[in-house]
Structures are given as C-alpha cells and as structure tokens.
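Here is a sequence together with a model predicted from it:
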Amino acid sequence: MFLGFLAGRAREAEELFILGDLFEAWVGDDDIDEPYHAGIVAALRAASDAGLRISLQHGNRDFLLGPGFAAASGVKLIGDPYVLSTPEWQFVLAHGDALCLDDTAYMAFRAQVRNPEWQAALLAKPLAERRAIATHMREVSEASQRGKDDPYSDLELVATDEFLREHGYATFIHGHTHRPARHDHIVDGIHVERWVLADWHEDRGEALVWDGDVLYREAILPEAQA
C-alpha cells in the first residue's frame, strides 16, 4: 500500500511528511542494500525525482537513519519537533515519543539510543551483529508489552500542554502511541488541536491531508496500489 501510495496519491501533494518508524528497524545506512530496504528507498527516490518533496523524522525504530539514506532516497531528514508554516496555518510535527513521560523505562531507553556516543559505538559494530541486536531489542520490547492491558503509553498531558504553549498553540500532529484520534486542548484559553496518526495494516493505511483549508484523514486501501 505504501509503495502504491508513493507512486500515486502522494504525488498529488506538494510535500509528504513521514513522522518516524518508516522501518521496523534501521541499523545503519550500510544496510541500505538489504532487498526490503532497497525497495522502499527506490520508491522514495522515484517519488522525489518526480518532484515530490519528502521530509522524514526519526522514530524510535529507525533513529539511525543518516545521510547515506537521505542521499539515496532523496528524502530530507528533519528535526523533532518540526514547525511547519503554511500560508494558511501553522503546525508542529513530532514522532511523539518524547512526551510519553509516564513510561519511565522507555524514556531511559530513548535517552540511551539518542545519545551520539552510544550510536557511534553501535555503528562501529559489524552489520550482522547490529542486526542481531535490533532483533533482540524488538523481542524484549514485545515481551514487555505482552500481558499489559494497554501496552502503549500516551502523551503526558501537562507536558503536552506546555509543548503546545512553547510552539505558539500550533496544531500538533504526531504518531507513536498507536491511538489515532483528534484531541482538543485548551491551553491558556486557546483551543488547540492534536491529531494522532494511525498505524498502517495489511488492509488499510491512512494519511493526514492539509488542503489549505481543512485537515482531514484519508484512507489508503490495497486496491489503490499502483
């Protein structure tokens, strides 16, 4: 569905923003020739060469995406958070995990893997070893989620309101929590919208579309594949 989306509907837009976790795991730009990765990179490159501007944030699963990936795919790596100003409205984009403050174990993990020294040490290891480490990390994560009534933490609301205040009450778009919704925040008497992206599954994907007037969800279905 994603490849079909890149070849079709996405090219009708001026710009595409991907807010992290494009890949299940990314262990370094030297893994770019792995067939599954190579197919996605080639599709991104084709869309970019066709004139679509594509920007991507790091997620908690692909935080090692680097300049080699960007050069090969034609994608621009952007910071988190990222302020997107259009002639009509202002948005702030983020993966979302930095505000899941109640999940203290995850926040400790995030601080570790986002540390440049830790990343450099990991990238110095052989590719096969990094792949094995990534597999192990996913197994540990999945094991920790099993048995929980709600395995995914939500954003901490006080910190989220402060984030909205710091970013000028812009409309906030993020993913990570696996809880697609539109939330209404009242911050300093100002109504602010927070939109949470949906996961993609075998039978349905989803994009948020800004048409210059309205922000809305658009379903991406298997039959839309190019």
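That came through fine.

three-state assignment of the closest residue to residue 51 other than its chain neighbours?
Excluding its sequence neighbours, the residue lying closest to residue 51 (C-beta to C-beta, 6 or more residues apart in numbering) is residue 11, at 7.4 Å. To be clear about C-beta, it is placed using only N, CA and C from the backbone, and glycine gets the same treatment. Under the three-state scheme (DSSP: H, G, I helix; E, B strand; the rest coil), the conformation of residue 11 reads as helix.

same question, residue 185
When the rule is three-state DSSP, residue 185 gets the label strand.

Go ahead and confirm it touches residue 194.
Yes. Counting by C-beta atoms under 8 Å, residue 185 does reach residue 194; the two are 6.0 Å apart.

Now for these two: what residues contact both?
Taking C-beta atoms under 8 Å, 6 or more residues apart in numbering as the contact definition, residue 185 and residue 194 share the neighbouring residues 160, 164.

quick one: which of these two has more around it?
Comparing residue 185 with residue 194 by other C-beta atoms under 10 Å, the one with more neighbours is residue 194, at 20 against 17.

What residues are bridge-paired with that one?
Per DSSP bridges, residues listed as beta-bridge partners of residue 194: residue 172, residue 183.

In stretch 186-205, which residues are buried?
When burial is assessed from 16 or more other C-beta atoms under 10 Å, stretch 186-205 yields the following buried residues: 192, 193, 194, 195, 196, 197, 198, 205.

Endpoints of that stretch, how far apart?
Separation of the first and last residues of stretch 186-205 by C-alpha to C-alpha, to the nearest Å is 30 Å.

What lies in contact with that stretch?
The list of residues contacting stretch 186-205 from outside it, by C-beta under 8 Å, 6+ apart, reads 1-2, 5, 19, 96, 160-161, 164-165, 169-175, 177-185, 206, 208, 215, 217, 219-222.

Look up how far residue 175 lies from residue 216.
From residue 216 over to residue 175 the distance is 17 Å, taken as C-beta to C-beta, to the nearest Å.

Okay, helices next: where are they in the chain?
Using DSSP state H, the helices found in the chain span residues 2-7, 35-49, 67-73, 104-113, 116-123, 127-145, 157-166.

nearest to residue 83, of the ones you listed?
Taking C-beta to C-beta, helix 157-166 is the member of those nearest to residue 83, at 10.6 Å.

what's the pLDDT at the most far-flung residue of the chain relative to its centre?
Of all residues in the chain, the one whose C-alpha sits farthest from the chain's mean C-alpha position, using C-alpha atoms, centre = their mean, is residue 189 at 29.8 Å. The predicted local confidence for residue 189 comes out at a pLDDT of 97.

re earlier: ok, of the contacts of stretch 186-205, which come out buried?
Counted by 16+ other C-beta under 10 Å, the contacts of stretch 186-205 give 1-2, 5, 19, 96, 160-161, 164, 169-175, 177, 179, 185, 206, 208, 220 as buried.

show me what contacts residue 134?
So, once contact is read as C-beta under 8 Å, 6+ apart, residue 134 ends up touching 25, 27.

quick one: it from residue 112, how far?
Distance check for residue 134 against residue 112: by C-beta to C-beta, it reads 14 Å.
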